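S.K.: got a predicted model here, sequence first, then my questions.
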Amino acid sequence: MSLYRDGNMNETPHKVDILIVGNGALALFLADELAQRETQKRIAVVGPAGRDGCASRAAGAMLPAFSELSTETLSTDIGKAKFELALEAHKLWDGSLDRLQRQSPGGDPLKVSDDTFVVLNSKGSDLDSQNFDAMIVALKEYQAPWEEVEPKAIAGFNPQPDCRAFRAIRLPDEGGIDVRAVLSALEASLADANIPIIDQYVRKVQCEGDVVSGVELSDGSFVEAEWIVIAAGARSEALVQSASKDIDILPTFPGLGLGMVAKRYEGDAFQSVVRTPNRAFGCGLHVVPNNQGREYIGATNSASPRSNTGVRLLDLHYITKYAMQQLDEGIAYHQVEQFLRGFRPISLDGYPMIGALPMRGLYVMTGTFRDGVHSAPLLAVHVANELEGKPRSYHLEFTPTRKPIVTRTIESSIDECVIHSLANWYEYGENAALFSTKEIEAHYRDKITKMYDEIDVDYALPPEVLWYAFDDPENRIVNYLKQH
């Protein structure tokens, strides 16, 4: 039986105190947090049951902190503070999973792995080694548990010989969840709390002067609300602008990610999350064991202004080919049950966008990029506190109307983009024998330097956003930066 309301006005509430727009991890954890507080507020969630393009639904999902570290993570005060928020979020997951497990409609375990192995193999570039070493430095600095292990001892790990791992570390406190089962458990928890989930899109946020009044749904009906929390991922910016074009919100961009769920038929199953370090503009290649003999394999990342309504052959090629090469040759015999496509919300400066907007009653939580699922329990507490007028749970300024956070120079942005491009070149297996590494690096450096010259901005962009800016037919990034 569906937990979603069908949009008929007899079932859709006419008026609520808090309307949460979106039905991914951020939205559902927030609604659940408010429900657990037994607030007297009337709450509703709105979002289509199919969740097309939802980043949470397409996630692995790993529960990473240290395994997501890169050389950039701790290089600035704001980066270090954000990482420490991830550590705080990590502490909340066991309690959340214990409670939600009792709500799980299917009864399958929500937590599917207790640990993570990070492997350093031969298919990337120097970036892999740098990020691998950065993890170890941080693990020591924060006195977190870890151990170096023999890659051949990792259950299920059976790469092709030319993609073998030279080193591996085990992180016993980082694992993985079946995120689709977690979303279902959250929906069941909200149903028990009589919080409706409306199976529709929001067409427009309505306002009266500088105060929000409610939303127009996709069937033309209207829901009145005192507070509207927009947690709709990559669609959030457009929804804010539907209320007013004058709200000076930081731009966000969709980062297309593709993963797949497949059933194993050959070889030993993975018992743990196994992944490479962050590389090639993404979170690396990874596998997360799922329930009933299934495994999640992911994930790509491509920030592009071009609309993608299906699964790209380029991404499909990446997932299937490199999983067979770098993770397990037996994956060739997997039966694919589902391709999962989601658009991660990437802000202009790469940091979250959490906070109230100048229009009274309008709040945004988005821009979490790859960290939306993992940070959801902590951000839910923070936003619930703000909506109730209670003290904030952290004091970082991630307000959506901020000026872009400066974390790099133009020169370091070029260096960063070059090394990610090199990692991408080698992982895709281009014929590097025709060129030396120095020649390939010089090519990318020249191209990326010219990109900055052409877009003519003096703000140093994150590498994923820089490629977007160069291929942006609407010049959103350039126009925004020149206005500011």
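M.R.: Right, received. Where do you want to start? Numbers count the residues shown, from 1 in each chain.

S.K.: low-confidence ranges, this structure, go.
M.R.: Within the chain, the ranges that satisfy pLDDT under 70 run 1-10, 305-309, 429-435.

S.K.: please enumerate the helices of it.
M.R.: For the chain, applying DSSP state H gives helices covering 25-36, 77-101, 126-141, 179-192, 236-243, 313-326, 372-387, 410-427, 437-455, 463-470, 476-483.

S.K.: got the contact list for the first one?
M.R.: Put plainly, it is helix 25-36. 18, 20-21, 41, 43, 45, 47, 56, 59, 96, 179, 182-183, 186-187, 189-190, 193, 195, 229, 231-233, 365-366, 368, 372-373, 376-377, 379-381, 383-384, 387 (Cβ atoms under 8 Å, 6 or more residues apart in numbering). Just so you know, the C-beta spots here come from the backbone N, C-alpha and C atoms, and that holds for glycine as well.

S.K.: ok, now the second one?
M.R.: Under the criterion Cβ under 8 Å, 6+ apart, residues 29, 63-65, 68-69, 72-74, 109-111, 138, 142, 173-174, 177, 182, 185-186, 189, 351-352, 371, 374-379, 381, 394, 396, 405, 407 lie in contact with helix 77-101.

S.K.: now, of those residues, which are buried?
M.R.: Neighbour-count burial within these applies to 29, 63-65, 68-69, 72-74, 110-111, 138, 173-174, 177, 182, 185-186, 189, 351-352, 371, 374-379, 381, 394, 396, 405, 407; the criterion is 16 or more other Cβ atoms under 10 Å.

S.K.: of all the helices of the chain, which lies closest to Glu208?
M.R.: Evaluated over the helices of the chain, closeness to Glu208 peaks at helix 236-243, with 10.8 Å, by Cβ to Cβ.

S.K.: list the contacts for Pro462?
M.R.: Contact analysis of Pro462 by Cβ under 8 Å, 6+ apart lists 346, 349-350, 408, 413, 416.

S.K.: rebuild the residues you listed as CSV, extending it with distance to Ile297.
M.R.: Putting the contacts of Pro462 into CSV (distance: Cβ to Cβ, whole Å) gives the following:
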residue, distance to Ile297
Ile346, 22
Asp349, 30
Gly350, 25
Arg408, 32
Ser413, 31
Glu416, 27
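
S.K.: distance-wise, check Arg304 relative to Glu397.
M.R.: Actually, residue 304 is Ser rather than Arg. Distance, Ser304 to Glu397, using Cβ to Cβ, to the nearest Å: 29 Å.

S.K.: same question for Lys438.
M.R.: Lys438 is 41 Å from Glu397, by Cβ to Cβ.

S.K.: Ala185 too?
M.R.: With distances taken as Cβ to Cβ, Ala185 is found 33 Å from Glu397.

S.K.: if we ignore the residues flanking it in sequence, what's nearest the residue nearest the centre of the chain?
M.R.: With distances taken as Cα atoms, centre = their mean, the residue of the chain nearest its centroid is Arg370 (2.5 Å). Counting by Cβ to Cβ, 6 or more residues apart in numbering, Arg370 lies nearest to Cys283, which is 5.4 Å off, once chain neighbours are set aside.

S.K.: okay, now the one you found: neighbour count?
M.R.: By other Cβ atoms under 10 Å, 26 other residues sit near Cys283.

S.K.: then Ser67?
M.R.: With other Cβ under 10 Å as criterion, Ser67 counts 25.

S.K.: gap between Gln326 and Ser122?
M.R.: Distance, Gln326 to Ser122, by Cβ to Cβ: 9 Å.

S.K.: what residues do these two have in common as contacts?
M.R.: Cys163.

S.K.: higher neighbour count, the two?
M.R.: The residue with more neighbours, out of Gln326 and Ser122, is Gln326; 27 against 14, by other Cβ under 10 Å.

S.K.: how about the contacts made by the more buried one?
M.R.: By Cβ under 8 Å, 6+ apart, the neighbours of Gln326 are 121, 123, 159-160, 163, 276, 285.

S.K.: ok, 10 Å please
M.R.: Listed by Cβ atoms under 10 Å, 6 or more residues apart in numbering, the contact partners of Gln326 are 119, 121-124, 157, 159-160, 162-165, 274, 276, 284-285, 287, 427.

S.K.: excluding chain neighbours, what is closest to it?
M.R.: Spatial nearest neighbour of Gln326, chain neighbours left out: Cys163 (4.6 Å); criterion: Cβ to Cβ, 6+ apart.

S.K.: Val381 versus that neighbour, what's the distance?
M.R.: If you measure Cys163 against Val381 using Cβ to Cβ, the figure is 42 Å.

S.K.: please apply the same query to Asp248.
M.R.: 28 Å.

S.K.: equivalent analysis for Glu397, please.
M.R.: Separation of Glu397 from Val381 (Cβ to Cβ) stands at 18 Å.

S.K.: next one: Gly53
M.R.: Distance, Gly53 to Val381, using Cβ to Cβ: 27 Å.

S.K.: can you pull the contacts of Arg392?
M.R.: The contact partners of Arg392, taken as Cβ under 10 Å, 6+ apart, are 354-355, 381-383, 385-386.

S.K.: give me the distance between it and Phe369.
M.R.: 21 Å.
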